[in-house]
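[1] Following is a predicted model, sequence given first.
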Amino acid sequence: MEIVILALSLLLLAVASFLSIARLRGKAEQGGDLSRLFSLLAWVGLTLFLVLRGISIGTFPATNLCESLALFGWCTLAIHWICNIAFAIPSLSAFLLPLGTVLAVFSILHVNEAPHETVPLQGAWLAVHAGLSFLAWGAFAVSFACAAMYLLQEKQLRLKHFWNFFPQMPSLEKLDRVIYRTLLSGFPLLTLAIFSGAVWAHVRDPKGISWLVGDPMVFGAIMVWFMYAMIFGMRWIYGLSGRYLAYLSILGFTVLVLTLISTGLFSGALHKAL
C-alpha cells in the first residue's frame, strides 16, 4: 500500500512538473491551475505515505534514504506553497516541482529498503532533529530554485536575448529578496537541527566527540552551516546580492544534496550509530 501511494505521488508530481513547464513556455493556458492541483494532491499523497510508514516502523519516518527523501520532498513542497502565497511567484513551480519529482524518484528506488536499526536518534528526538533538518533543507531548495531563476533571468537581460517565458519571470530584485529570505528562514532551522543532535550526542556520550568527527552527515551539515553563515556575513558587511548570492545558494544546496545521497547510499544509515 505504501509503495502504491508513493508511486502515485511521483506520478502526480511528474504531471504537475510537466504542466508547470508547459505553462511557463506558454503552451498550456490552464497549466498553472492544474499544476497547483496535482502538486497539492502529490503533497497529500506524500503525507499519507509518511504517516503510514511511521505507523508501520513505530517511529518518525526518517530512518533510511527512502523515508528521508520523501520527507525532504514533503517539506520542499510545503515551503513551495508558502512562498507562492507570500511572494506570488507562479513560475517558481516550473523550477521547483521537477526537483521534487527527482527526490520522489530516488525515494521510490529505495522504497523496499528496511529501516536502519542503527539510527542513533529515536522517538521525539528523531522527530525534532529530522523535522528541523528537512524544513531547513526545504527552504534551501526554494532558495536554490530562485537562484537558478535569477541566473537565467540575469543572463537574458545581460545578453538582451529574451525567451518566450521572459514576461512570466519575476524581477531580479524580487528574486534576490526571496533568495535571501528563504536562506534567512532555513539557517536558524539548520542551526537548531545541529544543536538538537549535538545535545542528544552529549547526553549519550558527555566526554566524547565521535558524533562530530565520525559522522559524514554531521560533517557535511556543519560545513554547509559555515557556508551559509559566511553568506550572511558577506550580506551584512559587504551587501552581497545578485549573481554571487545566487551562485553561493546553488553551491550550498548542492553540497547538502550530495551529502544526503552519498551518506545514505554508501554508509547505510544516514547517521552512523554512536
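    Nice, thanks for sending it over. Residues are numbered from 1 along each chain as shown.
[2] what mean pLDDT would you report for the helix or strand containing residue 152?
    Assigned by DSSP states H and E, residue 152 falls within helix 123-159. Averaging pLDDT along helix 123-159 yields 87.
[3] With stretch 101-110 instead?
    82.
[4] Could you give me the buried positions within that stretch?
    Using 16 or more other Cβ atoms under 10 Å as the test for burial, stretch 101-110 gives 101, 103, 104, 106, 107, 108, 110. (Each C-beta comes from the backbone N, C-alpha and C, glycine too.)
[5] and it, C-alpha only, in CSV?
    Provided in CSV are the C-alpha atoms of stretch 101-110 (Å, rounded to 0.1, in the frame of the first residue of the first chain):
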residue,chain,number,x,y,z
THR,A,101,10.0,14.8,-8.8
VAL,A,102,13.7,13.8,-8.7
LEU,A,103,13.5,13.4,-5.0
ALA,A,104,10.4,11.2,-5.3
VAL,A,105,12.2,9.1,-8.0
PHE,A,106,15.2,8.4,-5.7
SER,A,107,12.9,7.7,-2.8
ILE,A,108,10.8,5.1,-4.7
LEU,A,109,14.1,3.4,-5.9
HIS,A,110,14.8,2.7,-2.2
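[6] State the helix or strand in which the residue found closest to residue 24 once you drop the neighbours it is linked to in the chain lies.
    Once flanking residues are discounted, residue 24 sits nearest to residue 94: 4.2 Å by Cβ to Cβ, 6 or more residues apart in numbering. Applying DSSP H and E as the criterion places residue 94 in helix 92-109.
[7] Okay, now the unreliable bits of the stretch 1-150 of the chain?
    Within the stretch 1-150 of the chain, the stretches with pLDDT under 70 are 26-32, 113-123.
[8] Give me the distance between the closest residue to residue 36 other than its chain neighbours and residue 56.
    Sequence neighbours aside, residue 93 is the residue nearest to residue 36 in space, at 7.4 Å (criterion: Cβ to Cβ, 6+ apart). Separation of residue 93 from residue 56 (Cβ to Cβ, to the nearest Å): 32 Å.
[9] Looking at these two, which one has more neighbours?
    More neighbours surround residue 93 than the other of residue 93 and residue 56, with 26 against 12 (other Cβ atoms under 10 Å).
[10] Would you confirm that that one contacts residue 38?
    No. Here residue 93 lies out of contact with residue 38, judged by Cβ atoms under 8 Å, at a distance of 10.2 Å.
[11] Quick check: neighbours shared by those two?
    Taking Cβ atoms under 8 Å, 6 or more residues apart in numbering as the criterion, residue 93 and residue 38 both touch residue 16.
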